[in-house]
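> Sequence and predicted structure below; questions after.
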Amino acid sequence: MKQDIHEYLAELEDIPGTRVFTAARARQGYHLNQFAMSLMNDDNRERWKVDERAYLDEWPMSNDQKEAILSRDYNRCLDLGGNVYFLAKIFATDGLSFAEAVSTMTDMTFPEYREMMMKGGRSPQGNRSIKGGY
């Protein structure tokens, strides 16, 4: 029996601590991700560093997206359509390694996060569903 696509996509929202980059998220975050990619250009990085808000205001993003970027709330950026690989351009512009930046998206310090990853990452046991609580 075929599964309804909407039911399937809803299941992707039930993974604790994970935002699956779906087509809907891609559409929502298009300009956010394009902004992040613009930071690959030296001139754009300099403009960003001089006045972050002014540079962001050149992009047709929602105020929520702009505030999430300005506050470096990367989890919120993901919720609003950001893709972590595009957000990496912001991390790099800020002088952060990918691991340092991603550690801010957890409840761990960078040394704790690094140690956890060196030991193989999070255990697959534990909370496997937001709705089900298991």
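All right, it came through fine.

> Every contact and neighbour count from this point should use C-alpha atoms.
OK.

> Let me know the secondary structure of the residue most central in space within the chain.
When CA atoms, centre = their mean is applied to the chain, the residue found nearest the centroid is residue 78 (3.5 Å). Counting by DSSP: H, G, I helix; E, B strand; the rest coil, the backbone at residue 78 sits in helix.

> contacting residues for it?
19, 84 (CA atoms under 8 Å, 6 or more residues apart in numbering).

> before we move on, what about residue 112?
By CA under 8 Å, 6+ apart, residue 112 has no neighbours at all.

> in the one helix or strand it maps to, what's buried?
If you go by DSSP states H and E, residue 112 is part of helix 110-118. Neighbour-count burial for helix 110-118, counted by 16 or more other CA atoms under 10 Å, picks out 110, 113.

> again, but for stretch 33-41
Using 16+ other CA under 10 Å as the test for burial, stretch 33-41 gives 33, 35-39.

> Please apply the same query to stretch 2-14.
residue 14.

> what's the answer for stretch 46-62, then?
Buried residues in stretch 46-62 (16+ other CA under 10 Å): 48, 55-56, 61.

> Distance from that stretch to the middle of the chain?
Relative to its parent chain, stretch 46-62 has a centroid offset of 18 Å by CA atoms, centre = their mean, to the nearest Å.

> now stretch 49-63
Relative to the centre of its chain, stretch 49-63 is centred 18 Å away, using CA atoms, centre = their mean.

> next one: stretch 15-35
Its chain's C-alpha centre and that of stretch 15-35 lie 8 Å apart, by CA atoms, centre = their mean.

> contacts for that stretch?
For stretch 15-35, using CA under 8 Å, 6+ apart, the contacting residues are 12-13, 56, 59-61, 65, 78-83, 86-87, 127-130.
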